[in-house]
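In: below is the structure, and that's it, no one-letter string:
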């Protein structure tokens, strides 16, 4: 009999299962797992734990059977020694068959309940287990008071005008910049955002539903009704909806402000050679490298504007020596921390240049917003004090302040039409009585929906050439882990702190190499689930002790390197798969060129060297699933700009080849993606594209 059928989540945790929970996380000076957070988590979880019903029912029966074989009637009544012996046989011996898998499921629930802050299905109550306090994790540091920014006032669907000068689709860094530049030039702008106007409080502190670390449906969207078809290895295809694993669906946040709402803010300039990759390296074995139609010198003024108008904290020195600058940073860098001191000294010993990472975070109060309070969950979460700078609190509020920009939330463009005298969009907007369809005309339509949704929308609208959607690429990522004799890793943000660019376009790594940075402290849930050290007990008192006192000795570095684009890696329209509006879903294919693998290997080599000199031991490269998903958070290239329609999808200023009034203004334009995070380049290029548009406004408008 299946005991899991019809039971509520809490009812599945019988006396036997609760006893097993308390052996996975036993009591010591801190509570055991059940009273320490698992019970409250299970009571809140609702549908999130439906996947575990079969495992829990199976375990309850198996524990009874094992207890009887050990001379007892109930597992819960056995001594802790006998309980541990049974659970060990489940894990190590897989006795009875299937026990190891089901026991792993229970351990996962324990880690989620004891080491993760979460909220479930819009619940006001937030689950904050004792395990976070035990390891010293505070979502908001002592003495800091959360600051919720004033909400952006959107318009209702019935307030949308029939026509605007410009319709901007998407509120990320590209769309936000375009909206401000056009509105400041006196153009009327309708900015359309698919997401809801969520407050920051709903976009932080959830370690199970946050976009970057989503175990369950991401709070940052897109939600149900937005399927994608992923082409995986060996011609396997999988339909993925926007309610599950963000690493497969795509890590880009689909909220107001786009990725800049939840990012850590690494704000690098591309190096000059990044704009001429084909000229520097050629194209090995059919790779899709291409030169940008502009160079660093043309981009430099826009980089400077981006740093000042977005707000970047940084320092001139080794990290800026190969990118000539017309101005310094508007704010000093974030203050130092143990990782920076340790790796900085090691870099000095190696003769490498290094410095504090430039971040789009207020290191000092600026523009009426406070300085960073160094919370430990910056990446993937909204800022508790609004110190993180993004499209949502810089460019878009300025656009609205002109009086020329309307923002429409919870609306999705389903069709774009180009024309000689005007363009238009059809959109679906939410109302209290259900969705309605609107048609809005504009002199131009600016598409800034990201490297997947931009080509999907344009292809579904019959706009663009054969290059549109091709050359989908991201970065190559490498994690190198080690163990330090002294504790190094603490829960002090904002995250990555120190970097070296010596292996970008250097001799040590081929094909442009990559930047190497310190590995930020992982969330407690990540450490519990995947300990960053060898030999950590998988459960029990040893695992709990490691979480308290061993985890701070885990240390590592992280590499972000060039990914060589391929024309076969692309976004197309999925046959027979439709979204909630009946429009074709995106199909994603990602192929990896051997040169990209060489970049990974090079970053792993120099990262290992850096850790060795820093004093780490037990150094190893972390392997897992594919290191760059088909739609990673740095995705780009699917509307690459260039002069020739045979090899590019847009002209050098973002206009789609063959179109009159449709402009792309996001990461899709990047022919290549550099060896560093691309967000500052998205902003700088958007400034360039939008300014060109205002100076070359379509005639007849």
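Out: Sure thing, it's come through. Computed from a prediction, not measured in an experiment: that's the story for all the values here. Numbering: from 1, shown residues only.
In: give me the neighbour count for residue 502.
Out: Residue 502 has 22 neighbours, counted by other C-beta atoms under 10 Å. Bear in mind the C-beta positions are built from the backbone N, C-alpha and C, glycine included.
In: hang on, isn't it packed against residue 355?
Out: No. Using C-beta atoms under 8 Å, residue 502 is not in contact with residue 355, being 11.0 Å away.
In: now residue 66: which helix or strand?
Out: Here residue 66, judged by DSSP states H and E, is contained in helix 53-69.
In: got the angle between the helix or strand just after that helix and helix 53-69?
Out: Heading C-terminal from helix 53-69, the first helix or strand you meet, by DSSP H and E, is helix 80-92. Using axes from the mean of the first three to the mean of the last three C-alpha atoms, to 10 degrees, the inter-axis angle of helix 80-92 relative to helix 53-69 is 130 degrees.
In: and helix 80-92, what does it pack against?
Out: When contacts are defined as 3 or more C-beta pairs under 8 Å, 6 or more residues apart in numbering; DSSP states H and E, helix 80-92 packs onto helix 15-24, helix 53-69, helix 99-115.
In: for that helix, the distance to its chain's centre please.
Out: Helix 80-92 sits 38 Å away from the centroid of its parent chain (C-alpha atoms, centre = their mean, to the nearest Å).
In: also stretch 335-351?
Out: 27 Å.
In: please identify the buried residues of it?
Out: Using 16 or more other C-beta atoms under 10 Å as the test for burial, stretch 335-351 gives 337-340, 342-344, 346-347, 350.
In: so residue 337 makes contact with residue 491?
Out: No. Between residue 337 and residue 491 there is no contact under C-beta under 8 Å: 11.3 Å.
In: where do the helices sit along the stretch 351-500 of the chain?
Out: Secondary structure of the stretch 351-500 of the chain (DSSP state H, counting those that start in this stretch): helices at 395-401, 450-460.
In: for residue 16, which of the ones you listed is the nearest?
Out: Closest of the helices of the stretch 351-500 of the chain to residue 16 is helix 450-460, at 45.7 Å (criterion: C-beta to C-beta).
In: elements contacting that closest one?
Out: Judged by 3+ C-beta pairs under 8 Å, 6+ apart, helix 450-460 is in contact with strand 411-417, strand 434-447, strand 570-578, strand 584-589, strand 662-664.
In: one more time with 6 Å, if that's ok
Out: For helix 450-460, the elements it packs on are strand 570-578, strand 584-589, judged by 3 or more C-beta pairs under 6 Å, 6 or more residues apart in numbering; DSSP states H and E.
In: give me the nearest residue to residue 481, chain neighbours excluded.
Out: Residue nearest to residue 481 in three dimensions, not counting chain neighbours: residue 556, with 4.2 Å by C-beta to C-beta, 6 or more residues apart in numbering.
In: who touches the host helix or strand of the one you found?
Out: In this assignment (DSSP H and E), residue 556 forms part of strand 554-561. Residues outside strand 554-561 that contact it (C-beta atoms under 6 Å, 6 or more residues apart in numbering): 475-476, 478-482, 484, 488-489, 514-519, 532-533, 599, 603, 607, 610, 675.
In: name the strands paired with the helix or strand residue 517 falls within and say parallel or antiparallel.
Out: If you go by DSSP H and E, residue 517 is part of strand 514-518. Sheet pairing of strand 514-518 (DSSP bridges) gives strand 498-500 (antiparallel), strand 554-561 (antiparallel).
In: what angle separates whichever helix or strand residue 227 is part of from helix 450-460?
Out: According to DSSP H and E, residue 227 maps onto strand 223-231. Strand 223-231 runs at 90 degrees relative to helix 450-460, counting by the same axes, to 10 degrees.
In: let's have the chain start at 53 instead
Out: All right, first residue 53 from here; so that's strand 275-283.
In: next one: strand 275-283 to chain centre, how far?
Out: On the basis of C-alpha atoms, centre = their mean, strand 275-283 sits 17 Å off its chain's mean C-alpha point.
In: that one pairs with which strands, parallel or anti?
Out: In the sheet, strand 275-283 lines up with strand 289-294 (antiparallel), strand 636-641 (parallel) (DSSP bridges).
In: what residues sit buried inside it?
Out: Residues of strand 275-283 classed as buried under the neighbour-count rule (16+ other C-beta under 10 Å) are 275, 278-283.
In: redo those as a markdown table? Include distance to residue 667 and pLDDT.
Out: Formatted as a markdown table, the entries for those read as follows, by distance: C-beta to C-beta, whole Å; pLDDT from 0 to 100:
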| residue | distance to residue 667 | pLDDT |
| --- | --- | --- |
| 275 | 46 | 86 |
| 278 | 47 | 94 |
| 279 | 48 | 94 |
| 280 | 44 | 94 |
| 281 | 47 | 93 |
| 282 | 41 | 89 |
| 283 | 43 | 87 |
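In: pick the one among those closest to residue 746.
Out: Comparing the buried residues of strand 275-283 against residue 746 with C-beta to C-beta picks out residue 278 as the nearest, at 32.7 Å.
In: was I right to think the closest one contacts residue 292?
Out: No. Residue 278 lies out of contact with residue 292 (C-beta atoms under 6 Å); the separation is 9.6 Å.
In: residues contacting residue 416?
Out: 383, 423.
In: what does the helix or strand bottoming out on mean pLDDT in the chain rub up against?
Out: When the helices and strands of the chain are compared on mean pLDDT, DSSP states H and E, helix 298-301 comes out lowest with a mean of 76. Here helix 298-301 makes contact (C-beta under 6 Å, 6+ apart) with 263, 266, 270, 282, 292, 294, 681.
In: again with stretch 241-249
Out: If you take C-beta under 6 Å, 6+ apart as the criterion, stretch 241-249 is touched by 206, 216, 218-221, 223, 231, 234-235, 273, 306-308, 456-465.
In: hmm, back to that, how about the least confident helix or strand of the chain: buried residues?
Out: Buried residues in helix 298-301, counted by 16+ other C-beta under 10 Å: 298-301.
In: show me what contacts residue 601?
Out: Going by C-beta under 6 Å, 6+ apart, residue 601 touches no other residue.
In: that one belongs to a helix, doesn't it?
Out: Yes. Assessed by DSSP: H, G, I helix; E, B strand; the rest coil, residue 601 belongs to a helix.
In: so it versus residue 163, what's the distance?
Out: Per C-beta to C-beta, to the nearest Å, residue 601 is found 18 Å from residue 163.
In: same thing with residue 239?
Out: Going from residue 239 to residue 163 by C-beta to C-beta gives 51 Å.
In: before we move on, back to that, least confident of the helices and strands packed on helix 132-144, on average?
Out: When the helices and strands packed on helix 132-144 are ranked by mean pLDDT, helix 105-121 comes last with a mean of 94.
In: quick revisit: closest to residue 324 out of the helices and strands packed on helix 132-144?
Out: Among those, the nearest to residue 324 by C-beta to C-beta is helix 151-167 (44.8 Å).
In: so that closest one versus helix 67-76, what angle?
Out: Using the same axes, to 10 degrees: helix 151-167 against helix 67-76 is 70 degrees.
In: picking up where we left off before, and the helix holding residue 118, how far out from the chain middle?
Out: On the basis of C-alpha atoms, centre = their mean, helix 105-121 sits 39 Å off its chain's mean C-alpha point.
In: go through the chain and flag its longest helix.
Out: Criterion DSSP state H: the longest helix present in the chain is helix 646-666.
In: give the burial count for the residue nearest to residue 562 when sequence neighbours are not counted, as a bare number.
Out: For residue 562, ignoring the flanking residues on the chain, the nearest one in space by C-beta to C-beta, 6+ apart is residue 650 at 5.3 Å. Counted by other C-beta under 10 Å, the residues lying close to residue 650 total 19.
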